[in-house]
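Asker: Kindly generate the corresponding structure for this input.
(one chain, ligands or ions: 2)
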Amino acid sequence: MVNIPLLLMSCGGVGRQLLHHIISCRDLHSKQGVRLRVVGVCDSKSMVTIQDVLTFELGDEYLLQLCKVKSSGSSLNGLANFGECQVFRVKKSRRKSWMLLLLFVDRVVQTNFRFMPNLIGLVVVDCSASSQTIALLNQVVNLYCCVVLANKKPLTSSLESYDKLVSHPRRIRHESTVGAGLPVISTINRILSSGDPIFRIMGSLSGTLGYVMSQVEGGRPFSQVVNAAKSLGYTEPDPRDDLSGMDVARKALILARLLGHRINMDSIKVESLYPVEMGPDVMSLEEFLANGLPSLDKDIQKRIDNASSNGNVLDMCEVGIQEVAKDSALGRLKGSDNVCERLFITIELVLASSAHVFRVGKLEILHGIQSEEVLVVMDLVIGMEEVLLEIYSRCYSEQPLVIQGAGAGNDTTAAGVLADILDLQDLFQH
Ligand SMILES: NC(=O)C1=CN([C@@H]2O[C@H](COP(=O)(O)OP(=O)(O)OC[C@H]3O[C@@H](n4cnc5c(N)ncnc54)[C@H](OP(=O)(O)O)[C@@H]3O)[C@@H](O)[C@H]2O)C=CC1
Ligand SMILES: N[C@@H](CC=O)C(=O)O
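Answerer: Ligands and ions are numbered 1, 2, ... in the order given. Predicted coordinates for the structure are as follows:
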């Protein structure tokens with residue numbers, strides 16, 4: 001039996017769903033000869049672990065209890081010590097919580113290495129949406145640990161940090177960072193490693209924006225559908241990450257870096273759907289949801305009405321939302337329900353998506369136009385949280401390789417994370 005010890009950073013929507021998936025797949029994994037042993041779970045304020053990670057793990061019942069506590073909105077602090085399970089509380093200092101985790105990981109690795117040299121210590125799974133985990137992740141990759149990410153932030157901070165994180169490519173997986181559970185990253189890696197150069201990626205990669213804009217065009221108030229998308233688990237913990245285009249920009253950066261482009265977030269221009277005074281630095285999330293968001297309803301509706309009275313459709317692009325002619329290339333993408341957002345690294349825009357057979361929006365990364373140029377264009381699918389990605393390479397030049405399906409939601413995201421963890425099993429002890 002292959003034993004894979006796991007430390008899960010987060011116990012939010014995706015984290016809890018992952019624990020449920022792990023528990024419900026016990027029989028399946030057992031038939032496959034794998035045992036996923038959860039040895040630690042933490043949230044932003046506390047950590048639950050066991051002392052002897054070689055012998056014990058957090059039992060399934062305890063994990064379910066932990067999920068229940070977190071679903072009710074409480075902190076892991078609310079859990080009592082039970083048997084081998086110990087709860088560590090960090091009241092104020094986040095730095096301390098980071099140190100606590102690092103000490104834990106270090107201890108696990110030292111303990112493992114004492115008995116099993118040359119083997120991987122544990123898998124650190126980051127399903128948070130925090131950039132506070134970056135420092136820890138950069139440390140653990142040096143401790144012979146594996147890293148699995150749903151969190152996009154560690155891959156989209158500085159290039160130096162990115163390089164560190166991916167310095168052991170066999171030990172890192174991050175499928176769920178782009179397209180949730182869809183096999184986007186692994187497909188691109190397979191194509192690249194076979195020496196087949198990718199020259200264009202086009203796609204629609206925001207489940208939230210696709211859902212929101214389609215519902216709004218269907219007559220529902222903007223604020224209502226953003227809240228619905230949040231309840232459905234499509235949005236980022238702070239939906240402003242979606243509405244500002246930042247979430248898509250992060251996906252674009254992850255893909256661009258995967259293709260070898262040495263670029264940073266500041267190379268990607270985004271245009272937000274809300275004004276600066278409603279940004280996270282100015283307004284709390286609670287205030288934004290309660291007051292900011294509803295105050296945008298009229299403006300968004302007005303733009304939609306204007307667009308329809310002009311015979312146009314709404315298009316979200318480099319200057320935010322704008323109208324495009326219904327019979328224009330963009331307007332035809334998906335009937336009258338069309339939204340487009342362009343995130344571009346060069347100023348020049350290419351609407352290469354215009355003749356696309358699926359008539360859906362695109363995120364587009366083109367390269368090879370000029371040596372330094374990378375172009376990212378995004379245009380959103382209306383009517384669903386589904387995403388679609390086309391990959392053009394030498395082997396897939398006329399007919400692109402297409403990946404399509406649900407691209408947001410806790411279930412599919414956690415499934416992607418689980419598949420990533422299992423993909424690492426060869427590095428662990430039999
Ligand atoms: N939902 C989706 O469709 C997809 C989501 N993702 C990514 O998955 C991630 C999780 O999303 P979601 O589950 O909705 O988010 P939630 O807000 O529901 O959960 C985030 C969790 O992370 C914990 N956390 C915050 N800071 C830290 C920290 N420093 N150390 C450890 N844990 C921490 C939070 O703790 P606390 O409970 O104390 O606040 C919370 O439990 C995001 O990065 C998102 O981008 C990726 C693809 C698709
Ligand atoms: N908030 C994201 C979720 C996946 O990354 C989206 O809406 O696509």
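Asker: make it CA atoms for all contacts and neighbour counts henceforth
Answerer: Noted.
Asker: The closest residue to ligand 2 within the stretch 301-430 of the chain and Ala249: what is the separation?
Answerer: Closest contact between the stretch 301-430 of the chain and ligand 2, by C-alpha to the nearest ligand atom, is at Ala408 (4.6 Å). Counting by C-alpha to C-alpha, to the nearest Å, the separation of Ala408 from Ala249 is 16 Å.
Asker: Gly210 versus Leu401, what's the distance?
Answerer: To Gly210, Leu401 is 22 Å away according to C-alpha to C-alpha.
Asker: So which residues make contact with stretch 163-182?
Answerer: The contact list for stretch 163-182 (C-alpha atoms under 8 Å, 6 or more residues apart in numbering) reads 137-138, 141, 145-152, 154-155, 183-186, 205, 251, 254, 387, 403-409, 412-417, 420-421, 424.
Asker: Please list the members of the residues you listed that lie in strands.
Answerer: Where the contacts of stretch 163-182 overlap with strands, as defined by DSSP state E, the overlap consists of Cys146, Val147, Val148, Leu149, Val387, Ile403, Gln404, Gly405, Ala406.
Asker: wait, which of these is closest to ligand 1?
Answerer: Looking across those and measuring by C-alpha to the nearest ligand atom, the closest to ligand 1 is Leu149, at 8.0 Å.
Asker: Using the three-state scheme, assign Asp196.
Answerer: Following DSSP: H, G, I helix; E, B strand; the rest coil, we place Asp196 in the coil state.
Asker: Next, the closest residue to it other than its chain neighbours: phi, psi?
Answerer: Using C-alpha to C-alpha, 6 or more residues apart in numbering and skipping the chain neighbours, the partner closest in space to Asp196 is Arg394 (5.9 Å). With angles defined as degrees, to the nearest 10, Arg394 sits at phi -60, psi -50.
Asker: can I assume Arg394 is in contact with Ile198?
Answerer: Yes. Arg394 lies in contact with Ile198 (C-alpha atoms under 8 Å); the separation is 6.9 Å.
Asker: The two: who's more crowded?
Answerer: Looking at Arg394 and Ile198 with other C-alpha atoms under 10 Å, you find the greater number of neighbours at Ile198, namely 21 against 13.
Asker: ok, the nearest residue to the more buried one once chain neighbours are set aside - how many residues close by?
Answerer: Leaving aside its chain neighbours, Ile198 sits nearest to Ser393 (4.1 Å; criterion: C-alpha to C-alpha, 6+ apart). Ser393 sits with 21 neighbouring residues when counted by other C-alpha under 10 Å.
Asker: which residues touch Ser393?
Answerer: Applying C-alpha under 8 Å, 6+ apart, the residues contacting Ser393 are Asp196, Pro197, Ile198, Phe199, Arg200, Pro400.
Asker: Tabulate those in a markdown table, adding columns for distance to Ser161.
Answerer: Compiled in a markdown table, the contacts of Ser393 are given as follows (distance: C-alpha to C-alpha, whole Å):
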| residue | distance to Ser161 |
| --- | --- |
| Asp196 | 27 |
| Pro197 | 26 |
| Ile198 | 25 |
| Phe199 | 26 |
| Arg200 | 26 |
| Pro400 | 32 |
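Asker: Next, count neighbours for Leu122.
Answerer: Residues near Leu122, counting by other C-alpha under 10 Å, number 27.
Asker: check contacts around it.
Answerer: Contacts of Leu122 (C-alpha under 8 Å, 6+ apart): Ile4, Pro5, Leu6, Leu7, Val105, Val108, Val109, Tyr144, Cys145, Cys146.
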